[in-house]
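*Asks:* The sequence and its predicted three-dimensional model are supplied below.
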Amino acid sequence: MQPEINYKLLKLLAENPSLTQREMAREMGVSLGKFNYCLKELVKKGFVKVDRFTSSDNKAAYMYLLTPKGIEEKARVTHGFFKRKMAEFEEIKKQIEELRHEMSKDQRW
């Protein structure tokens, strides 16, 4: 699973455990099939537990809960995601400074 998808999925499950798979897929901007595949992988790894709403009129409704192992994984993935985004940010800042320097040499700007 791609690290960014993994990060977004774990974050979404932690914040909105009662959304449907279709709603979560829409929130993440991925197909329902891709979302379902990723969710199954997280369940297989023991990061997510799936519970039915027993008091719901809709007996097909589920709640997706992060397990303690899933909470640890979310923290690990979040840290890695943050480090990658900071590296991207620093690279973009460097490119902006290079462009500013280049433009300052050009009298038209």
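*Replies:* On my side now, so go ahead.
*Asks:* I'd like the distance from the residue nearest to Val30 when sequence neighbours are not counted to Lys45, if you could.
*Replies:* Closest residue to Val30 apart from its sequence neighbours, by Cβ to Cβ, 6 or more residues apart in numbering: Ile5 at 6.9 Å. For every residue, glycine as well, the C-beta is placed using N, CA and C. From Ile5 over to Lys45 the distance is 14 Å, taken as Cβ to Cβ, to the nearest Å.
*Asks:* and the lengthiest helix in the chain, how far from the chain's centre?
*Replies:* Using DSSP state H, we find that the single longest helix of the chain is helix 68-105. With Cα atoms, centre = their mean, to the nearest Å as the basis, helix 68-105 stands 16 Å off its chain's centre.
*Asks:* repeat for stretch 33-51
*Replies:* Per Cα atoms, centre = their mean, the displacement of stretch 33-51 from the mean C-alpha position of its chain is 13 Å.
*Asks:* Show me what counts as buried in it.
*Replies:* 35, 38-39, 42, 47-48 (16 or more other Cβ atoms under 10 Å).
*Asks:* Give the buried residues for the longest helix of the chain.
*Replies:* Within helix 68-105, the residues that count as buried by 16+ other Cβ under 10 Å are 70, 73-74, 77, 81.
*Asks:* what kind of secondary structure is the residue of the chain positioned farthest from its centre in?
*Replies:* The outermost residue of the chain relative to its centre, with distances by Cα atoms, centre = their mean, is Gln107 at 44.5 Å. In three-state terms, and counting by DSSP: H, G, I helix; E, B strand; the rest coil, Gln107 is coil.
*Asks:* what about it, distance to Glu97?
*Replies:* To Glu97, Gln107 is 19 Å away according to Cβ to Cβ.
*Asks:* try Asp106
*Replies:* 15 Å.
*Asks:* just Gly70 next, same as before
*Replies:* Gly70 is 40 Å from Glu97, by Cβ to Cβ.
*Asks:* same check, this time on Leu10
*Replies:* According to Cβ to Cβ, Leu10 stands 35 Å off from Glu97.
*Asks:* So what touches stretch 44-54?
*Replies:* Applying Cβ atoms under 8 Å, 6 or more residues apart in numbering, the contact partners of stretch 44-54 are 10, 13, 18, 39, 42-43, 59, 61-67, 69-70, 73-74.
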